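Asks: When you get a sec, could you give me coordinates for this:
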Amino acid sequence: MAERSRLVYVGACSHRFSIGLFRNIVAAKPLHPMDVVLVDIDEKLLRYVHKILQNMADNAKVDVRVESTTDRLKAFQNADIVYLSISVGAQEAEWTDVYIPLKFGIPQNTGDTVGPGGIFRGLRCIPVVTEIAKDMNQTCPKAVLLNYSNPVSTLILATRTAAPKVQSIGLCHELFGGMQTVYALMRINGYDIESWEDMDITYGGLNHLGWLMTCHYRGEDVYPLLREKQEECVKTDFSGRGFNFYILGKYDLFPYPGSRHVAEFIPRYYNYFNYLQSPFGITVIRDVQELDLSHKWTVLLFAAMSKEWYKKRLPTPNEGGERAMVMTTDWKFNVPNRHVVNLPNDGLIPNLPRDCVVEVPGYFTNGKMTGVPVGPLPAEIAKVARTHAENQRPIVKAALQGDKEALLTVLLNDPMCGFIEDSDAIEDMMNLMLYYQKMWLPNFEQIPNEGQLKRRRCIGPEELATKELALKVKYPPKEALKTKAWPSCE
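Replies: All right, here's what the predicted structure looks like:
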């Protein structure tokens with residue numbers, strides 16, 4: 001009898017990842033027979049997803065046994081691999097991630113990686129993921145932790161610090177969309193190419209700020225085509241990545257993540273003075289209300305999908321989409337396929353700090369993920385990335401120690417915050433965000449009370465009560481700063 005794989009999925013009620021991963025699990029026949037343990041804090045929703053996955057496995061006639069629990073330690077017993085997709089505070093916290101900074105003139109179209117929203121998301125998630133890593137170290141130290149949760153870089157740095165024996169790896173799918181754009185451009189320009197994966201590429205950088213460093217097809221350099229078509233692709237917003245091609249024209253490398261992510265790393269292109277014009281189709285402001293409605297709709301959908309009458313209508317097995325199951329297969333059978341991974345740098349990109357997490361290709365050998373050294377980034381690109389890379393360790397420190405001074409330093413170093421050139425405003429914004437998010441930040445003890453907040457620039461709950469009110473900027477940056485904002489600086 002074949003040995004059973006034991007897979008644990010923490011955050012199994014995720015309305016973005018769960019169904020896609022379930023389809024991959026059912027399709028992953030080389031890993032069957034398999035025990036899958038679903039873990040979440042929402043017991044009611046957990047019952048729904050448990051039934052959905054078991055019915056999908058039954059429909060496909062595969063040997064997948066499903067368990068579910070809110071007890072991590074129980075789930076981790078004898079686990080081979082752990083998947084993680086969580087968001088501490090969810091949309092309730094994201095509301096203040098996005099709209100309190102906007103009150104101070106700091107727009108965020110995503111707010112999950114950098115900027116004040118990304119930093120505070122890290123503060124909320126880091127204590128939780130470090131406890132998960134410690135639990136794994138206690139119960140299944142040889143298991144691999146594959147993390148999809150944002151912000152990927154600081155979460156991987158935190159887990160590797162808290163439990164260095166646990167092999168935690170950050171995953172991201174942004175490369176796939178970027179390379180699909182390059183593939184589409186090649187196809188319409190006469191290249192007979194079946195898939196972007198037929199190209200020989202080198203890439204690297206930070207999560208959500210990765211760069212296509214080299215690109216060849218059948219020995220031919222593809223970059224001359226990208227540069228030749230750069231201006232045309234900007235004008236047509238080719239494949240929805242006109243901004244990426246614009247950045248190619250500025251930095252001479254193509255950033256492969258979606259434009260909404262890249263823009264938040266380089267705020268001269270996305271800031272108070274131009275965000276309403278939505279340059280290159282970049283989302284104006286993250287619509288937290290829409291996300292919340294989507295989540296609530298998904299809960300209703302999951303309830304329906306768990307019913308017996310829905311069983312024959314459930315999604316079928318699918319090997320595409322996310323690559324976690326492919327990575328799991330390669331790990332188990334020692335296949336050295338390359339994957340997009342986020343790992344400690346340790347010289348993989350020599351002109352970024354060794355003590356940061358970078359995004360590079362990687363492959364498994366004897367159960368260990370090995371990152372591929374990709375060489376230095378061009379100087380100007382490294383300069384942009386380095387500021388964010390140097391913030392990673394202080395963010396982890398601030399999250400685990402509840403260190404307000406470290407947090408303020410991180411915020412002041414962040415380019416989105418730095419754009420408004422007002423350190424007092426950033427401190428006031430920080431205190432407001434701490435106050436509104438204190439239920440998810442137990443490590444922070446010195447959080448101002450309501451009376452103390454009112455003595456400085458303050459945002460009352462009534463000013464955040466609706467989307468219309470939340471979108472109103474209360475403390476706009478000085479007009480003189482417009483001179484450093486694209487396109488006025490061109």
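Asks: For Ile193, which non-adjacent residue is closest in space?
Replies: Among residues not flanking Ile193 along the chain, Met186 sits closest, at 5.6 Å (Cβ to Cβ, 6 or more residues apart in numbering). Just so you know, the C-beta spots here come from the backbone N, C-alpha and C atoms, and that holds for glycine as well.
Asks: Check Phe364 too.
Replies: Leaving aside its sequence neighbours, Phe364 sits nearest to Trp331 (Cβ to Cβ, 6+ apart; 4.8 Å).
Asks: Just the residues contacting the one helix or strand the one you found maps to, thanks.
Replies: Of the helices and strands defined by DSSP states H and E, Trp331 is found in helix 324-333. Helix 324-333 has contacts (Cβ atoms under 8 Å, 6 or more residues apart in numbering) with 5, 7, 21, 24-25, 27-28, 30-31, 80-81, 83, 144, 146, 148, 169, 171, 319, 335-337, 339, 363-364, 367, 369.
Asks: and that helix, how far from the chain's centre?
Replies: Helix 324-333 has its C-alpha centroid displaced from the chain centroid by 21 Å (Cα atoms, centre = their mean, to the nearest Å).
Asks: what about the helix or strand following it, distance to the chain center?
Replies: Under the assignment DSSP H and E, the closest C-terminal helix or strand after helix 324-333 is strand 339-344. Between the centre of strand 339-344 and the centre of its chain there are 13 Å (Cα atoms, centre = their mean).
Asks: likewise stretch 477-490?
Replies: Between the centre of stretch 477-490 and the centre of its host chain there is 29 Å, according to Cα atoms, centre = their mean.
Asks: Ok, stretch 243-261 next?
Replies: In terms of Cα atoms, centre = their mean, the centre of stretch 243-261 is found 18 Å from the chain centre.
Asks: start to end distance for that stretch?
Replies: End-to-end distance of stretch 243-261: 11 Å, with Cα to Cα, to the nearest Å as the criterion.
Asks: For it, buried residues please.
Replies: By neighbour count on 16 or more other Cβ atoms under 10 Å, the buried set for stretch 243-261 is 243-248, 251, 253-261.
Asks: now swap in stretch 330-347 and tell me
Replies: So, applying 16+ other Cβ under 10 Å, buried residues of stretch 330-347: Asp330, Trp331, Lys332, His339, Val340, Val341, Asn342, Leu343, Pro344, Asn345.
Asks: From Lys44, how far out is the second one?
Replies: When distance is defined by Cβ to Cβ, to the nearest Å, Trp331 is 33 Å away from Lys44.
Asks: and Ile86, helix, strand or coil?
Replies: The three-state label given to Ile86 by DSSP: H, G, I helix; E, B strand; the rest coil is coil.
Asks: contacting residues for it?
Replies: Counted by Cβ under 8 Å, 6+ apart, Ile86 has contacts Val10, Gly11, Ser14, Cys125, Val128, Val129, Ser149.
Asks: Can you list which of these are found in strands?
Replies: Those of these mapping onto strands are Val10, per DSSP state E.
Asks: any chance of the contacts of Ile86 in JSON lines, plus distance to Gly375, pLDDT and neighbour count?
Replies: Formatted as JSON lines, those follow (distance: Cβ to Cβ, whole Å; pLDDT from 0 to 100; neighbours: other Cβ atoms under 10 Å):
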{"residue": "Val10", "distance to Gly375": "35", "pLDDT": "97", "neighbour count": "26"}
{"residue": "Gly11", "distance to Gly375": "35", "pLDDT": "96", "neighbour count": "22"}
{"residue": "Ser14", "distance to Gly375": "35", "pLDDT": "89", "neighbour count": "24"}
{"residue": "Cys125", "distance to Gly375": "31", "pLDDT": "98", "neighbour count": "26"}
{"residue": "Val128", "distance to Gly375": "35", "pLDDT": "97", "neighbour count": "18"}
{"residue": "Val129", "distance to Gly375": "30", "pLDDT": "98", "neighbour count": "26"}
{"residue": "Ser149", "distance to Gly375": "29", "pLDDT": "95", "neighbour count": "25"}
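Asks: Columns distance to Thr110 on top of the contacts of Ile86, output as TSV?
Replies: Below are the contacts of Ile86 laid out as TSV (distance: Cβ to Cβ, whole Å):
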residue	distance to Thr110
Val10	23
Gly11	19
Ser14	17
Cys125	15
Val128	21
Val129	20
Ser149	14
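Asks: From what I see, Gly375 and Leu348 are in contact.
Replies: No: look at Gly375 against Leu348 with Cβ atoms under 8 Å: they stay out of range, at 9.0 Å.
Asks: Give the residues shared as contacts by the two.
Replies: Joint contacts of Gly375 and Leu348 (Cβ under 8 Å, 6+ apart) are Gly204.
Asks: between those two, who's got more neighbours?
Replies: Neighbour totals were compared for Gly375 and Leu348, and Leu348 leads with 21 against 13 (other Cβ atoms under 10 Å).
Asks: Quick check: Met369 is in a strand.
Replies: Yes: counting by three-state DSSP, Met369 is part of a strand.
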